[in-house]
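S.K.: Need a 3D model of the sequence below.
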Amino acid sequence: MEGLTEPDERYHFVLFTDGRTIFVKIQRINTKAIDPDEVLQDYRRGIAKLLRVPLTPVAGREFWARSTRGMWQFFSIGDGTATELRADGSVR
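M.R.: Coordinates of the predicted model:
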């Protein structure tokens, strides 16, 4: 159909907040919890796609991980870094 495009593989959705736009990639994980270093190592393919979104003062990147038990973890993704976030977006 004309006008339809393929989904963007870099991210799953975009959050528009006051003063910032956050590009979010989601991944289901098999473990109960992971740390920021594990995110960068174990999910590097998904992170590599997310890293193609330019990081600017008004645009950010987040990686959300959901365990098979329904637990969510959130990470802010910088250029080669991951920082765990609380559900409200503050740094853990």
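
S.K.: Quick one: the strands in this structure, in order.
M.R.: 13-17, 20-29, 59-67, 72-77, 82-85 (DSSP state E).

S.K.: Select, out of those, the one closest to Asp35.
M.R.: With CB to CB as the measure, strand 82-85 is the member of those nearest Asp35 (7.3 Å). Any C-beta I mention is one placed from the backbone N, CA and C, and that applies to glycine too.

S.K.: Which of the residues in the closest one are classified as buried?
M.R.: Using 16 or more other CB atoms under 10 Å as the test for burial, strand 82-85 gives 82, 84-85.

S.K.: which other helices and strands contact it?
M.R.: helix 36-42, strand 72-77 (3 or more CB pairs under 8 Å, 6 or more residues apart in numbering; DSSP states H and E).

S.K.: what sits against Arg44?
M.R.: By CB atoms under 8 Å, 6 or more residues apart in numbering, the contact list for Arg44 is empty.

S.K.: my bad, Gly46
M.R.: 25, 27, 63.

S.K.: Would you show me how to pick out the buried ones of the residues you listed in PyMOL?
M.R.: Of the contacts of Gly46, the buried ones can be selected in PyMOL as follows, counting by 16+ other CB under 10 Å:
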select buried, resi 25+27+63
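
S.K.: In JSON lines: the contacts of Gly46, plus pLDDT and distance to Val53.
M.R.: Putting those into JSON lines (pLDDT from 0 to 100; distance: CB to CB, whole Å) gives the following:
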{"residue": "Lys25", "pLDDT": "95", "distance to Val53": "9"}
{"residue": "Gln27", "pLDDT": "92", "distance to Val53": "16"}
{"residue": "Phe63", "pLDDT": "96", "distance to Val53": "11"}
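
S.K.: Of the contacts of Gly46, which is the nearest to Ser90?
M.R.: Taking those together and measuring to Ser90 by CB to CB, the closest member is Phe63, at 16.4 Å.
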